[in-house]
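Novice: Coordinates only, no sequence provided:
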């Protein structure tokens, strides 16, 4: 009895998707575990630490980025940050609130001018002005060193002590000068 090639093709074509559907959980689990193991092996160093919690010692697996991952992150992350900063466009009004004594932006001056003119000032405008005036410098003082510490822990970028001092120009003053 000869088996027709068309019938054999039809059997294979129909049976493979049926088998894949019936074994989808096992195949998916196998693919996930295999891919995860390959990524861990190639990009991370696996360590085991003993952690004592509530009098019990527990073995904890810790994944640390290896040199290859650190080099990749060190080369990619700064370009993403530069791209994000370049895509931010801030349009200043014609009369930006600049403090003549310091040359810095004074965000509370606009609110004070509205109060002086007797216009209605919304609470969110006051909150925004106060946050921009006082909250942003505080965040810059606290958040930037914390982020530098985090990147130093994984070995990406330079730490605050070893980074060369580079003054970043104020984009607000640059636009006003034009």
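Specialist: Received the coordinates, thanks. Since we're looking at a predicted model, the values are computed, not measured.

Novice: Show me the shaky parts of this protein.
Specialist: 1, 92-105, 155-178 (pLDDT under 70).

Novice: let's see 90
Specialist: For the chain, the stretches flagged by pLDDT under 90 are 1-8, 19-24, 27-28, 36, 39-65, 69-178.

Novice: Helices of that one, residue ranges please.
Specialist: 5-22, 24-43, 67-86, 108-117, 123-130, 136-154, 171-177 (DSSP state H).

Novice: Redo those helices as TSV? Include mean neighbour count and distance to residue 52.
Specialist: Heads up, the C-betas are built off the backbone N, CA and C, glycines and all. Supplementary listing: the helices of the chain in TSV, determined by neighbours: other C-beta atoms under 10 Å; distance: least, C-beta to C-beta, whole Å:
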stretch	mean neighbour count	distance to residue 52
helix 5-22	10	46
helix 24-43	11	26
helix 67-86	12	29
helix 108-117	14	52
helix 123-130	13	46
helix 136-154	12	22
helix 171-177	12	51
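
Novice: of all those helices, which lies closest to residue 59?
Specialist: Taking C-beta to C-beta, helix 24-43 is the member of the helices of the chain nearest to residue 59, at 16.8 Å.

Novice: Show me how far the closest one is from its chain's centre.
Specialist: 25 Å (C-alpha atoms, centre = their mean, to the nearest Å).

Novice: and the angle from it to helix 5-22?
Specialist: 70 degrees (axes from the mean of the first three to the mean of the last three C-alpha atoms, to 10 degrees).

Novice: now for helix 24-43, which elements pack on it?
Specialist: helix 67-86 (3 or more C-beta pairs under 8 Å, 6 or more residues apart in numbering; DSSP states H and E).

Novice: Out of the helices of the chain, which is closest to residue 58?
Specialist: For these, proximity to residue 58 was assessed by C-beta to C-beta; helix 24-43 is nearest, at 20.2 Å.

Novice: What sits closest to residue 48 if chain neighbours are left out?
Specialist: Setting aside the residues directly before and after it, residue 48 is nearest to residue 59 in space (C-beta to C-beta, 6 or more residues apart in numbering), at 5.5 Å.

Novice: So what's the residue count around the one you found?
Specialist: 8 (other C-beta atoms under 10 Å).

Novice: now residue 64
Specialist: 13.

Novice: ok, it - contacts?
Specialist: 44, 45, 47 (C-beta atoms under 8 Å, 6 or more residues apart in numbering).
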